[in-house]
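In: Structure for the following, please:
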Amino acid sequence: MSATKLTRREQRARAQHFIDTLEGTAFPNSKRIYITGTHPGVRVPMREIQLSPTLIGGSKEQPQYEENEAIPVYDTSGPYGDPQIAINVQQGLAKLRQPWIDARGDTEELTVRSSDYTKARLADDGLDELRFSGVLTPKRAKAGRRVTQLHYARQGIITPEMEFIAIRENMGRERIRSEVLRHQHPGMSFGAHLPENITAEFVRDEVAAGRAIIPANINHPESEPMIIGRNFLVK
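Out: Prediction:
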C-alpha cells in the first residue's frame, strides 16, 4: 500500500519543522573538542574518537581489557558537529573571521549595493518572508590595500587564519601519548620537506612561495580557514 501523498502545504510544514528543530550532533563514539591558538578567537574544532578497549588476556568468564586513548582528527562539519551549538539557519553561520578581518583595518563597507540583481531582490516585497537575517554589508579593500592571504604571507604577516590552519593540520597530535599511535612510517616524501609539526610560519611560507593557497574572501567571514596545497591534509 502506497503512502498518502502530502499536499504542498503539508510538505512546506514538514520542511519548516525540520528547519526549526535542526540541531548539531556528533558522530557515534565521538565528541567535539576545541584546540585554542595564540591569536584571540582561534578555536579549532576537532573530533575526538573514543576507541573500544583491547582484549589482552584473561578467560572467557573474566576477560582482561586495556583501555585505549581517544584519537583526535580534524572536523570540518562546523556548528553541525557540535551538539552544544544552537542551529538557526535564518541567522546563518557565526561570523568566525569577522573580528580578524576588522582588526586588520584594510577593508571598508560599500555605501550602496553595487549588484543590479541584489538591488532587484531587495526591492521585491514578495521575498520579505524569505529574507536572510544574517546578511552583512559587502566589504572591499581600501584604496591601495590588498586583502588576500597571499599578500599578507608575502609581507611576512602570520594571520589568525594561518594559525587556525596549522592547528587543524596537526590534528591534535600533541594530545596523543601512546607511542603506537605516534608511530609514523618513513614513506616517500616525493620532494616535500615537512616539519614534524605544522606551524603557522610554515603555512605562511608555503603560501608566500606559491605552493599553497588560502581562499578566504573578506565577504565570507563565516568560512573556516582552509588551505589547498600538496603539503597539507585538510581541504
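
In: which residues sit against the biggest helix by length in the chain?
Out: Longest helix in the chain, counting residues (DSSP state H): helix 8-20. Applying Cβ atoms under 8 Å, 6 or more residues apart in numbering, the contact partners of helix 8-20 are 6, 89. In this view, the C-beta of every residue, glycine as well, is placed from N, C-alpha and C.

In: Residue 48 belongs to a strand, doesn't it?
Out: Yes - applying DSSP: H, G, I helix; E, B strand; the rest coil, one finds residue 48 inside a strand.

In: And the lowest mean pLDDT element among the helices and strands of this structure?
Out: Here the helix or strand of the chain ranked lowest by mean pLDDT, DSSP states H and E is helix 179-182, holding a mean of 77.

In: buried residues in the next helix or strand after it?
Out: The helix or strand immediately downstream of helix 179-182 is helix 200-208, counting by DSSP states H and E. Within helix 200-208, the residues that count as buried by 16 or more other Cβ atoms under 10 Å are 200, 202-208.

In: Distance from helix 200-208 to the middle of the chain?
Out: Remark: helix 200-208 is offset 19 Å from the chain centroid, using Cα atoms, centre = their mean, to the nearest Å.

In: So which elements touch it?
Out: Secondary-structure packing of helix 200-208 (3 or more Cβ pairs under 8 Å, 6 or more residues apart in numbering; DSSP states H and E): helix 149-154, helix 160-170, strand 212-213.

In: The same query, at a cut-off of 10 Å, please.
Out: helix 149-154, helix 160-170, strand 212-213, strand 228-229 (3 or more Cβ pairs under 10 Å, 6 or more residues apart in numbering; DSSP states H and E).

In: Give me the sheet partners of the last one and which way each runs.
Out: Strand 228-229 has the following sheet partners, assigned by DSSP bridges: strand 212-213 (antiparallel).

In: Would you pull up how far the strand it pairs with lies from the middle of the chain?
Out: 17 Å.

In: what does the average pLDDT come to for that strand?
Out: The average pLDDT for strand 212-213 rounds to 96.

In: which residues sit against that strand?
Out: 148-150, 153, 165, 202-207, 226-232 (Cβ atoms under 10 Å, 6 or more residues apart in numbering).

In: What's the local residue count around residue 22?
Out: Burial of residue 22 is recorded as 13 neighbouring residues (other Cβ atoms under 10 Å).
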